[in-house]
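Q: Predicted model follows, preceded by the sequence.
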Amino acid sequence: MKKSRILMFLGALLPLLLFVFPLWKITLEAPQYPTPLGMYIYIDDFADANPHDIKNINLMNHYVGMKYIPDAIPEFQIFPIGILVSVLIGLLVAWKAPSRWYLFWFLLMIAVSTAGLIDFYLWEYEYGHDLDPKAIMKFTNPDGSVMGFQPPFFGSKDILNFRAHSYPQLGAYSLGLGILLSLVAYVVGRKEAKTPVES
Amino acid sequence: MKNRFYSLMGGLAALLTVFACGPTQEGNAGALTSNAAERVYVAPGEHDQYYAFISGGFSGQLSVYGLPSGRLFKVIPVFSQDAEKAWGYNEETKPMLNTSHGFVPWDDSHHPDISQTNGEVDGRWVFINGNNTPRIAKIDLSVFETTEIIEIPNSAGNHSSAFVTENTEYVVAGTRFSVPVPQRDMPINEYKGNFKGALTFISVEPEHGHMDIAFQLMMPGFDYDLSHPGRGKSHGWFFFSTYNTEEANSLMEVNASQNDKDFIAAVNWKKIEEYVKNGGGTLMPANYAHNVYDDNTHMATSTMEKEVLVVNPSEVPGAVFLLPTPKSPHGCDVDPSGEYIVGAGKLSADLTVHSFTKMLDAIENEKFDGDAYGIPILSFEDVRAGTVSQPGLGPLHTEFDGQGNAYTTFFISSEVVKWKLGTWEVLDRQPCYYSVGHLMIPGGNSRKPFGQYLVAMNKITKDRYLPTGPEVTQSAQLYDISGGKMELLLDFPTVGEPHYAAGIAADIVKARSKKIFELQNNNHPYGIKSDADVRVERDGRDVHIYMSTIRSHFNPDNIEGIRVGDRVYFHVTNLEQDYDVPHGISMIGANTSELLIMPGQTETFVWEPKQPGVWPFYCTDFCSALHQEMQGYVRVSPAQNAPELSWSLGE
């Protein structure tokens, strides 16, 4: 089997690790939390970094009127299907299609991932800004607008007494590597096509 | 009269001087090293190296300190009611203080001992004796709470307790005061030959630590003062010091001090275990409380046990021997190898050390020197390994550093003396301020002591701290024993009388310490798992409130329909699952303590309202930014004219 095809197979399979490893992690640090509060986001679930973290994040956040982190969101139904379909397409491409199709899968995955990230951002925005009007504590920005508590999309940020971190995890890296491998497979495939078979 | 007093004191002082001036004396200033502060300083946020569990004596409790800082972390309520923690006040823990004499709100806690595996402290449990109304308590070090208390029948002045064998097979409890067995009405002066001294072996179930009285050895009517298990080669034996072998019953300070030698009783418990296993012993009617606290129901139950297995030593040949030991020995300590048994004759100036090997040899060759009530007495010279000659005055207790050295406290000459096992030479001495009783080296009671620090527990403090009226603080002192000479590093005040202590490397314990109780495992019959279960139920004049707490409210916080004359049970579940977020609750006029409820726990207090009105309750533990708002009201109406029972939150 050609090197490019092997790479494409690998690339198409890697996103399956999303079913094992978390996609993202949000961590909240504060002096009263020597062990920070943390939440893992899987493609089909939110999970505690340490036991009861989500419950404790909810308890903290209710002071400023943030809603409880839901047990489930519609994305948890959609994402796994999206990933499975993408992997299936990827495997079909790796199995049957000529190497120029690898680029198609690469672009498809870039589109799917971007959609996912935009959705994640929108959820975060909503979570951080849709505040209970009867919130115990209300904060305003210097310009007088209501202060939001959106966690950072990527990176670290101070929110009141907390320092919030938001970074991709092994699941996301596997997805990224898979996508990258498909591009490499495409490039390698093109080289293979140009080079006459030697043996 | 006065003159006679002064000349007596003068004579005593001269005597003390003679004894105190040993060859290695370095003046009486305590020789504080210049960097002592640095060596006990534990920087903010850092942890101590050792836990020290120091008994409170007449406080009835057990305090938890860090070493080397001497900082106090917690006072674990054991035998005495503690309103701060609702121990013995809330409905859940009242049964823990039940006895055959009814509810006893106090005791005198003396000797903590940490559970062992293969002769090394394992940090699972601490056992401690209640001296006055004989009991043994078990503290679970995953929660630092007392989870079991067993009463000891046929015992009185439960003092040679609570010491554990090498694999925590048994916790042993010996009686200091012999009594009629069974208890009966009889003339006190018929003590001799009629009173008995019970040595009780309590089995400890290896996994959960459940205690049961396996057997009681019914010994002659001496006073069994202290005890220690054999270890290593002497594992399977237990040693008890005795005084009042005269069997006197009055003016004991004179009449119990007449015999030149009393005994250390050596008990081969493995032999008795075997005897019992083969059906030996007699079941005797008894009545004693066995109280068990369950961390899932968060409740204690008290069961009255009705019989106890009694063993007569004369019926088990080869199981008990008496080792003559000079002058009312107090401390009875076994070195890490198990070879040496140190008897500290408190009225003698010498320390007598017996050899286990020589003892076995004497037994084998039947070198007996008479008997007491059928128990063979071994001859003194045949069992003695050596004598530490005149190391000080009033020897009490000995611990070991695992490097071949022993450390003995001297009450009268107020000092700790370091001496060498085998050569019996005195190596060093350091003064104590003042009148030291017990001493403790972490793990010093095991095969493997952590020979770095020594804690001396003093009986008298006088001028060592700022005065606080006639009653001044009690005190412990920390010495560094890692070098050739002992160095005094620190004085620190203690809770109650620091009677004895047990210490262990912090790492063994701290990883096992629980942060919360899992709410999902809460099986309290009146506990709730979520706000959906909150309710109030009436059962005649009893009203049960199933209440929850979570930052920062009670649910319900408005209750109406309570009548004067009701008995209102507040069953409060803390729904928190975060570390260090307890909630408290107290009700105006309740004739009991507050509750202090850990995350995931349920506790109950009873309130009997006596007059109509609207009565507030509130959270007593500063739990959160809105702690002050954590409050509620109960409306109490006249019995004939009360509204329907109702409850709400946020309506």
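A: Cool, the structure landed.
Q: Any stretches of chain B with poor pLDDT?
A: Judged by pLDDT under 70, chain B has its weakly predicted residues at B:1-33.
Q: Output the set of residues of it in proximity to chain A.
A: Residues of chain B lying near chain A by C-beta under 8 Å from any C-beta of the partner chain: B:516, B:550-551, B:576-579, B:625-626. Backbone N, C-alpha and C define where each C-beta goes, glycine included.
Q: which of those has the most neighbours?
A: Neighbours were tallied for each of the residues of chain B next to chain A (criterion: other C-beta atoms under 10 Å in any protein chain shown), and the maximum of 28 neighbours falls on residue B:576.
Q: wait, what's in contact with that one?
A: A:59, B:516, B:549-551, B:582-583, B:599-600 (C-beta atoms under 8 Å, 6 or more residues apart in numbering or on different chains).
Q: now, which of the residues of chain B next to chain A sits nearest residue B:423?
A: Nearest to residue B:423, judged by C-beta to C-beta, of the residues of chain B next to chain A is residue B:579 at 51.9 Å.
Q: most centrally placed residue in chain A?
A: Most central in chain A under C-alpha atoms, centre = their mean is residue A:23, positioned 4.4 Å from the mean C-alpha point.
Q: residues touching the closest residue to it other than its chain neighbours, list them.
A: What sits nearest to residue A:23 in space, not counting adjacent residues and going by C-beta to C-beta, 6 or more residues apart in numbering or on different chains, is residue A:171, at 4.4 Å. For residue A:171, the residues meeting the contact criterion (C-beta under 8 Å, 6+ apart) are A:17-18, A:20-24, A:42-43.
Q: hang on, the earlier thing: shouldn't the residue nearest to the centre of chain A be in contact with residue A:172?
A: Yes: taking C-beta atoms under 8 Å as the definition, residue A:23 is a contact partner of residue A:172 at 4.9 Å.
Q: Beyond the host helix or strand of residue B:213, next helix or strand please.
A: Residue B:213 is part of strand B:211-220, with elements assigned from DSSP states H and E. Next helix or strand after strand B:211-220 toward the C-terminus (DSSP H and E): strand B:223-229.
Q: and that next one, which residues are buried?
A: The neighbour-count check on strand B:223-229 (16 or more other C-beta atoms under 10 Å in any protein chain shown) flags B:223-229 as buried.
Q: what does stretch B:375-385 give?
A: By neighbour count, and taking 16+ other C-beta under 10 Å as the criterion, the buried residues in stretch B:375-385 are B:375-378, B:380, B:382-385.
Q: Run through who's touching it.
A: With C-beta under 8 Å, 6+ apart as the test, stretch B:375-385 has contacts from B:219-220, B:261, B:263, B:265, B:313-314, B:320-325, B:339-340, B:352-355, B:358-359, B:361-363, B:366-371.
Q: Look at residue 189 and give its secondary structure.
A: Looking at chain A here, since you left the chain open. In terms of secondary structure, residue A:189 is helix; the call rests on DSSP: H, G, I helix; E, B strand; the rest coil.
Q: that's the other chain; I wanted chain B
A: Of the three states, residue B:189 takes helix according to three-state DSSP.
Q: so what's it up against?
A: B:249-250.
Q: and the residue of chain A found nearest chain B, what is it in contact with?
A: Distance from chain B to each residue of chain A (C-beta to the nearest C-beta) is smallest for residue A:52, at 3.8 Å. With contact set as C-beta under 8 Å, 6+ apart, residue A:52 has these partners: B:516, B:577-578.
Q: can you check residue B:609 too?
A: Residues near residue B:609 by C-beta under 8 Å, 6+ apart: B:562, B:564, B:566, B:568, B:589, B:615, B:634, B:636.
Q: redo that, cut-off 6 Å
A: Residue B:609 makes contacts with residue B:636, as judged by C-beta atoms under 6 Å, 6 or more residues apart in numbering or on different chains.
Q: Now go through the residues of chain B next to chain A and say which are in strands.
A: Restricting those to those inside strands, with DSSP state E as the criterion, leaves residue B:550.
Q: List the beta-bridge partners for residue B:574.
A: In this entry, residue B:574 is beta-bridged to residue B:549, by DSSP bridges.
Q: what pairs with the biggest strand by length in chain A, and is each one parallel or antiparallel?
A: Of all segments of type strand in chain A, defined using DSSP E, the longest is strand A:33-41. Strand A:33-41 has the following strand partners under DSSP bridges: strand A:24-30 (antiparallel), strand A:46-48 (antiparallel).
Q: Let me know which of those is tucked in deepest.
A: strand A:24-30 (a mean of 19; mean count of other C-beta atoms under 10 Å in any protein chain shown).
Q: Chain A against chain B: which residues are in contact?
A: Taking C-beta under 6 Å from any C-beta of the partner chain as the contact definition, chain A meets chain B at A:52, A:55-56, A:59.
Q: Those residues in helices, which ones?
A: Secondary-structure check on the residues of chain A next to chain B using DSSP state H: residues within helices are A:55-56, A:59.
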